[in-house]
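*Asks:* just the structure for this:
(one chain, ligands or ions: 1)
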Amino acid sequence: MTTALITGATAGIGAAFARRLAADGHDLVLVARDEKRLHEHATELHDRHRVEAEVLRADLSREEGIAAVEARLSDRKRPVDLLVNNAGFGNKGRFLEVSVADELTMLRVHCEAVLRLTMAAAGGMRERRRGGVVNVASVAAFVPRGTYGASKAWVVQFTQGAARDLAGSGVRLMALCPGFVRTEFHQRAGMGTENIPGWMWLDADRLVDAALKDLARGKSLSIPDPRYKALTGLSKLVPRGALGRVSSTTGRKYGPS
Ligand SMILES: NC(=O)c1ccc[n+]([C@@H]2O[C@H](COP(=O)([O-])OP(=O)(O)OC[C@H]3O[C@@H](n4cnc5c(N)ncnc54)[C@H](OP(=O)(O)O)[C@@H]3O)[C@@H](O)[C@H]2O)c1
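*Replies:* Alright, predicted model coming up:
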């Protein structure tokens with residue numbers, strides 16, 4: 001029996017990872033801030049799939065939250081075989097409309113937590129000569145899109161660099177770059193979604209299915225949809241100015257503050 005730890009496991013993409021991995025027979029450690037929701041999900045997954053589903057309440061924007069998850073990942077007596085660094089959010093507003101405190105919170109959750117949790121997990125995985133880490137980035141990593149895009153670009157570069165350093169060790173690292181996925185993300189960030197064309201939306205369960213296939217194939221970067229593969233390929237050919245205009249407007253309509 002293997003164990004997967006998923007951050008941001010109560011909603012959206014993280015919940016889809018939890019459902020799929022439980023259905024495949026993996027024990028789970030579910031991480032998020034909302035303890036009631038964590039317990040509800042853990043109970044449901046345990047009852048449906050007969051797997052162990054442990055709850056770890058942690059706020060990954062806080063030192064004690066990151067440290068608690070690091071400690072769980074470093075526990076050699078209860079090894080974690082797959083880490084999914086998925087917790088994340090969008091800030092409401094463009095550059096200078098968001099406080100520096102909120103920008104720094106994003107960097108902490110998207111970058112510092114991902115760095116520290118990957119390191120905490122990968123050490124033990126390398127000793128055991130097996131394991132996987134999926135770091136959820138975004139296709140926003142490839143376009144100019146404020147602190148959000150910059151933080152996701154860091155996730156991609158960091159993950160692919162670490163994957164190269166650990167090549168041959170038995171530990172696989174993969175950056176996952178979804179396009180728009182119907183989750184709680186946009187509503188939580190106060191973003192209107194009406195200017196996002198219907199064809200751009202992805203389904204979280206299908207996304208996870210494609211991501212796990214890419215991980216099994218040993219990819220270090222997963223863009224799990226032909227539409228977004230084509231768009232990211234195209235983005236390399238389009239002048240940066242034009243790319244910036246499109247990416248800074250699509251899906252960035254904010255409601256009243
Ligand atoms: N949806 C999209 O279109 C899209 C596209 C590309 C990439 N992504 C990325 O996919 C990942 C998941 O997003 P989603 O769309 O599934 O969002 P979501 O539905 O809003 O879910 C976010 C999850 O992260 C948890 N979370 C948020 N802040 C946290 C914190 N400080 N500490 C611990 N847990 C925290 C939330 O639980 P609690 O509130 O209980 O903590 C929730 O479980 C994010 O990294 C996001 O950037 C999303």
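
*Asks:* sec struct for Val134, please.
*Replies:* Put simply, Val134 is strand when judged by DSSP: H, G, I helix; E, B strand; the rest coil.

*Asks:* list the residues that contact it.
*Replies:* By C-beta atoms under 8 Å, 6 or more residues apart in numbering, the contact set of Val134 is Phe17, Leu82, Leu83, Val84, Asn85, Asn86, Met174, Leu176, Ala211, Leu215. C-beta coordinates here come from the backbone N, C-alpha and C atoms, glycine included.

*Asks:* and those, which is closest to Ala122?
*Replies:* Leu83 (8.2 Å; C-beta to C-beta).

*Asks:* so that closest one belongs to a helix, correct?
*Replies:* No. Using three-state DSSP, the assignment for Leu83 is strand, not a helix.

*Asks:* can you count the residues close to it?
*Replies:* When neighbours are defined as other C-beta atoms under 10 Å, Leu83 has 28 of them.

*Asks:* leaving out the residues flanking it, which one is nearest to it?
*Replies:* Nearest non-adjacent residue to Leu83, counting by C-beta to C-beta, 6 or more residues apart in numbering: Ala121, 4.3 Å away.

*Asks:* do Arg130 as well
*Replies:* Gly170 (4.6 Å).

*Asks:* isn't that neighbour right next to Gly124, touching?
*Replies:* No. Gly170 lies out of contact with Gly124 (C-beta atoms under 8 Å); the separation is 11.5 Å.

*Asks:* returning to what we had before: next one: the residue nearest to Arg130 from the ligand, what distance?
*Replies:* 26 Å (C-beta to the nearest ligand atom, to the nearest Å).

*Asks:* phi first, then psi, for that residue.
*Replies:* Main-chain torsions, Gly170, degrees, to the nearest 10: phi 90, psi -10.

*Asks:* list the contacts for it?
*Replies:* Gly170 touches Met125, Arg126, Arg128, Arg129, Arg130, Gly131, counting by C-beta under 8 Å, 6+ apart.

*Asks:* could those residues go into CSV alongside secondary structure?
*Replies:* Shown next, in CSV, are the contacts of Gly170 (three-state DSSP):
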residue, secondary structure
Met125, helix
Arg126, helix
Arg128, helix
Arg129, coil
Arg130, coil
Gly131, strand
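
*Asks:* mean confidence score for the top helix by length along the chain?
*Replies:* What stands out as the longest helix in the chain, according to DSSP state H, is helix 146-165. Summarised as a single mean, pLDDT over helix 146-165 is 98.

*Asks:* contacts for that helix, please.
*Replies:* So helix 146-165 is in contact with 85, 90-91, 94-95, 98, 103, 106-107, 110-111, 114-115, 118, 122, 133, 135-138, 140-143, 172-175, 177, 220-221, 247-248, going by C-beta under 8 Å, 6+ apart.
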